[in-house]
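Q: could you work out the structure for the sequence below:
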Amino acid sequence: MKETLFTFIIVLTCFSMLAEDDLIFSEADNQILPAKEAFGFNFIKSSGNIIATWNVKKDYYLYLRSVSVKDIDGEITYKILKGDPIDYKDEFFGDTKIIKDILEISYEESDQKGKTKIYYQGCSEKGFCYPVQSINIK
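A: Model (predicted):
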């Protein structure tokens, strides 16, 4: 009995030391990126158009339905230039579409310069979902 207990304590101690040194459970695997890094948002203005791009990191995705452009007059219609919507069954939103890798949209610049916002929301495939993000387009 003492030998069994001693063996169990040795094994448990070794397992604990390996886990603390990230040899078994890598801490990097548990990291959640800030939204700016996870979704890599950027925009450019070109001849009265705005082109907004999200470079979505591996293991992250955007909800297509959460992407919107608004000014003080309401929602602005946009066109998808790049990105392949994927059908997805979400535990909160039900059947929805998500975007992985890249999303690029284009819309006409508003007369309300400096008062346009782009909204988006996404998640990590590890189960962490970000609150809705908003970006002022100036």
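Q: for the closest residue to Ser110 other than its chain neighbours, give its distance to Ser124.
A: Computed as CB to CB, 6 or more residues apart in numbering, the closest residue to Ser110 that is not its neighbour in sequence is Asp71, at 4.4 Å. Yep, even glycine has a C-beta here, placed from its N, CA and C like the rest. Per CB to CB, to the nearest Å, Asp71 is found 30 Å from Ser124.
Q: next one: Ser68
A: 21 Å.
Q: could you list the low-pLDDT ranges of the protein?
A: Residue ranges of the chain with pLDDT under 70: 1-30, 112-114.
Q: rerun that using 90 as the cut-off
A: 1-31, 46-48, 73, 90-93, 109-115, 138 (pLDDT under 90).
Q: which parts of it are helices?
A: For the chain, the helices defined by DSSP state H cover 2-20, 35-39.
Q: for Ile105, see how far away the residue lying closest to Glu109 once chain neighbours are set aside is.
A: In space, and not counting its chain neighbours, Glu109 is closest to Gly48: 5.2 Å by CB to CB, 6+ apart. Shown here: Gly48 relative to Ile105, a distance of 15 Å by CB to CB.
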